[in-house]
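Engineer: model this:
(chains A and B)
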Amino acid sequence: MLAAKDTQKQEILGTLVGQGDPVIRDLFDAWKRDELFVYKPEGDEAVPVQIAGGRDAFETAQAFRVSDESLLVGEDGGAIEPTRDNMDRVRHNNRLRRAMKEILDLIDLSSPTASTRLQAVQTLGFSRDLTKLPVLQALLEVEENTGVHQAIRQAIALVQLNQDDRDVRLAAVKELGDIHSLSSTDALGAVLKNATELKDAEMIVASNEALVEIERHRSVVDFVGTIFRGLSLGSILLVVALGLAITFGLMGVINMAHGEMIAVGAYTTYLMQNIFGAGIIVPAFGLSIGIPGMNLEGWAYELYFVAAIPASFLMAALVGIALERGIIQFLYRRPLESLLATWGVSLVLQQVFKLMFGANNVQVSSPAYLSGNWTVADIVFGWNRVFVIGFAILIVLGVWLALNKTSLGLLIRAVMQNRGMAGFMGVRTTRVNMLTFGLGSGLAGLAGAFLSQIGNVGPSLGQAYIVDSFMVVVVGGVGNIAGTVISAFGIGGIDQILQQYLPAWAPSLGWVPFIGSFLQNLAQDSSVFGKILVLALIILFLQWRPAGIFATRGRSLED
Amino acid sequence: MKFSKLLATGTLSLAALFSTVQAAETVKVGVLHSLSGTMAISETSLRDVLIFAFDEINANGGVMGKMIEPVVVDGASNWPLFAEKAKQLLEQDEVAVTFGCWTSVSRKSVLPVYEKNNGLLFYPVQYEGEEESQNVFYTAEAVNQQATPAVDYLIEQGYTKFYLLGTDYVYPQTTNLVLLEYLLSKGVPIENIGGGFRRDESGKVISAGKYTGFGHTDYQQIISEIKQFSAGGDTAVISTLNGDTNVPFFKEYAAAGLSAETCPVVSFSISEDEFRGLPADQLVGQLGCWTYFQSIESDANEEFVANFKSWLAGSSLTGIVKEGRVTCSPMVLSYNGVYLWKAAVEKAGTFDVDAVREALKSGLSFDGPGGTVTTQPNMHLTKNVFIGETKANGQFEILEEFENVYGEPWLKGKFK
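Structural biologist: Numbering: from 1, shown residues only, chains lettered A, B, ... in the order given. All right, here's what the predicted structure looks like:
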């Protein structure tokens, strides 16, 4: 077949529909990877062969016959080397790929993994092909997974909407309403339109009811989804701001280099990824430092992220301690100068990142255990998001324990409240300052490790988060960890609620004199306008409570 | 007629004579790109390929016997500075032609300078159209050489719903407005176009699609909207998101269980060069549309890529990156621009801007790495358009080719 012309290929593919041979999948996969070639010696019949690695691997790879997987040999018995001249790549265009997909979908229906079956069932439902109805009905009998079972019901109902029999269509409409099928709103809308034209009262009522039912379900999904997204955004803000809550909140250092501490953590994650992988060469200060890799694969490689969490904490803490020893310790009584000095440090660090890792963003891959999701009744809970919420809770707990239940925590609190007095009591304040700044920076590093999973890792990573961090700490009340927690979740929640519901509220903004229509338009761009509103709310809030949610008396206010 | 022909040949032979007498003479050519600041990542690649093209031409005898002497200036991602530098190139260095600019805002900023001094600028990056200056030659993709062929392809593939998403500035806004008109003209009902609309008081749509700022990081809300919008199947996302923001977007997209098979994304701002900073393995199967892909299998392209790589290895330009380099559409359009200018100068027999412009308008062709390109009277290029699917190695698998698409800058209000 592979040697045939494109149109013939398509016909042959047509005959393969319904055959469940797993060989077909391997063959198609190889085809899509461009590993199939046709070897055509002059005068002889063409031989389809597979070459692992495709054209790029011609010099090293060998050609194997597709028919019996034997090595392709010449007349003298030696292996024939593939070259550009003797091999024709078996091309594939979209039509062929679609035909392949149809066959594969049918094979997937009997796949042992539920998610693969689910995908295949959904595709069949959307195709709304009446000939596939018996297959689906047979599947309904044997399916045990509830999610897939529901999907099959939906697919059957969707296909039945195309049936001639009006009663079947009516039942299908009701069925779709019963199972709250979000994906069938378009189909039901079409049914409603059609029924209105035909003045079919019963059908109009039924499809309207189904749509209302689905809409109600959708608003529940939106509501729960918004709360979840608010929590996850709040957690990110919290993770990002917690380190600053210590360096700025407790110690009173206006630490503009906080963002770069986050970037240190993110780059450490990148390094760990490469150490677990193939290794990396980092040019630093004129030297090329080669870091060998462990060349792990599969799950062992994906564990890099677990190792990256403590590594990024330590790395950022070390940089933070160096920064404290080198610069900040001389500036404790001069907050404005510490602002300028740390800003300078942040510029220097950004340049160092550029020199070491290039001006481009670097790629940090997400391990499989962080890139999936749970879908419960159409609400998507991304694993990375669930992870950040749990992660935030854990580190807040950790910080609280460290500050309140350990002797170091006691010393930290003592020094932060009154350095002079603590010094007279025999506390080594310089050492405590150093460790506190290290702790704050280390927490920023942890934030960096996590941010590498949801966004860019580049030299300017820190810049994107520095404003948010200060905002959270100031709103929460400088010097108060509990305030930081509440303000992070508050800001995150309000932001997501505004983003979700602003477009719906937008039309009602018309009453505002003069700028009503302007506001209506602005509110359509909910991601931008939501941010503006949040900032405006924060300014108003700080007018009312200048010291934040919890006003604490700290050293920064007394010095 | 006869006289003018005689005159033309006369000038030509005179010029030829002149050049043989003073073979060492040079012609100054400006290169105006950001070599520092945010745009440096993209624009430095264009500087590299321009210098490569000049070296190639100089090695083969130059333009009408004159060696090209590049004057490279740094726009530093600072738009007013672009205008300053353009002025310097035209008034102080008196360059014969300039190759430069990436962002539309930098082009708009230098435009008055070129018009005032009657200079000539070759602009190589996909743009939003609605502009046709006599002092700019647009080798760039016009909207109908990128966005509308991509939509044609999607419609042909059976997609019926489209979600428009972009970064909030002039190129995505204008492109999406044109796309809205185009989709409506293709019979796509307005409720099947997602992302939201903004209307003025009379109800006319002034902005279509969803926009986020530069450097936006939280795509949860937008992804959940896309997820619901695409629940009924046959949906594609048309993205004009810029560079960086694609990473959080695609990470969120993957985490929500969307994939190229259920809801593909066609991106107009991601070429091979941008892929160097993106997690390519998470973008497998997504679509791109350009007038050149590095994966084009032709002798001209393979030769171009090989020559460029060997040139890179021997180059000693400041700040040049040698590892992991690729070629992409803006680079090839810059390269084509240099050769088209050379052809125009040779046809006109002079470096004079007015004569060169007339020659360009007369329909010159060049067999570039992406196939033959032909200049048009409206200062744009006729070229081949390719739709590609991304692969894990950061290259594109070509799915479809539209041959010789005429570049048409004025599209607003054209599709009814």
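
Engineer: ok, for B:R107, nearest residue in space, not its chain neighbours?
Structural biologist: Nearest residue to B:R107 in three dimensions, chain neighbours excluded: B:C101, at 4.5 Å (Cβ to Cβ, 6 or more residues apart in numbering or on different chains). Where you see a C-beta, it was placed from the backbone N, CA and C, and this is true even at glycine.

Engineer: contacts only, for the one you found.
Structural biologist: B:32-33, B:75, B:82, B:107, B:110, B:121, B:123, B:125 (Cβ atoms under 8 Å, 6 or more residues apart in numbering or on different chains).

Engineer: give me every residue in the stretch 201-350 of chain B lying close to chain A.
Structural biologist: On the criterion Cβ under 8 Å from any Cβ of the partner chain, chain A has as its neighbours in the stretch 201-350 of chain B the residues B:201, B:206-207, B:210-213, B:215-218, B:220-222, B:224, B:227-228, B:231-234, B:244, B:247-248, B:251-252, B:254-257, B:261-262, B:276-282, B:321.

Engineer: need the three-state assignment for B:L154.
Structural biologist: Following DSSP: H, G, I helix; E, B strand; the rest coil, the label given to B:L154 is helix.

Engineer: what about B:N404, neighbour count?
Structural biologist: 12 (other Cβ atoms under 10 Å in any protein chain shown).

Engineer: contacts only, for it.
Structural biologist: Applying Cβ under 8 Å, 6+ apart, we find B:N404 in contact with B:372, B:374, B:382-384.

Engineer: try it again with 6 Å
Structural biologist: B:N404 makes contacts with B:T382, as judged by Cβ atoms under 6 Å, 6 or more residues apart in numbering or on different chains.

Engineer: from B:K347, how far off is B:F162?
Structural biologist: Distance from B:F162 to B:K347, counting by Cβ to Cβ, to the nearest Å: 43 Å.

Engineer: so for the two, which residue has more residues nearby?
Structural biologist: B:F162 (24 against 17).

Engineer: what about the one helix or strand that one maps to, near chain A?
Structural biologist: Assigned by DSSP states H and E, B:F162 belongs to strand B:161-167. No: judged by Cβ under 6 Å from any Cβ of the partner chain, strand B:161-167 and chain A are separated, with a smallest distance of 7.6 Å.

Engineer: could I get the average pLDDT for the next helix or strand after that strand?
Structural biologist: For strand B:161-167, the following helix or strand on the C-terminal side (DSSP H and E) is helix B:170-185. Averaged across helix B:170-185, the pLDDT comes to 89.

Engineer: the contacts of B:C101 in helices, which ones?
Structural biologist: B:82, B:107, B:110 (DSSP state H).

Engineer: nearest to chain A among the residues you listed?
Structural biologist: Set against chain A, the nearest of the ones in helices among the contacts of B:C101 by Cβ to the nearest Cβ is B:F82 (19.7 Å).

Engineer: what pLDDT does the model give B:A59?
Structural biologist: Listed pLDDT for B:A59 reads 92.

Engineer: thinking B:K85 is in contact with B:V73, fair?
Structural biologist: Yes: counting by Cβ atoms under 6 Å, B:K85 does reach B:V73; the two are 4.4 Å apart.

Engineer: what do these two both touch?
Structural biologist: With Cβ under 6 Å, 6+ apart, B:K85 and B:V73 have common neighbours B:L32.

Engineer: higher neighbour count, those two?
Structural biologist: Each of B:K85 and B:V73 has its neighbours counted (other Cβ under 10 Å); B:K85 has more, 24 against 21.

Engineer: much appreciated, bye for now.
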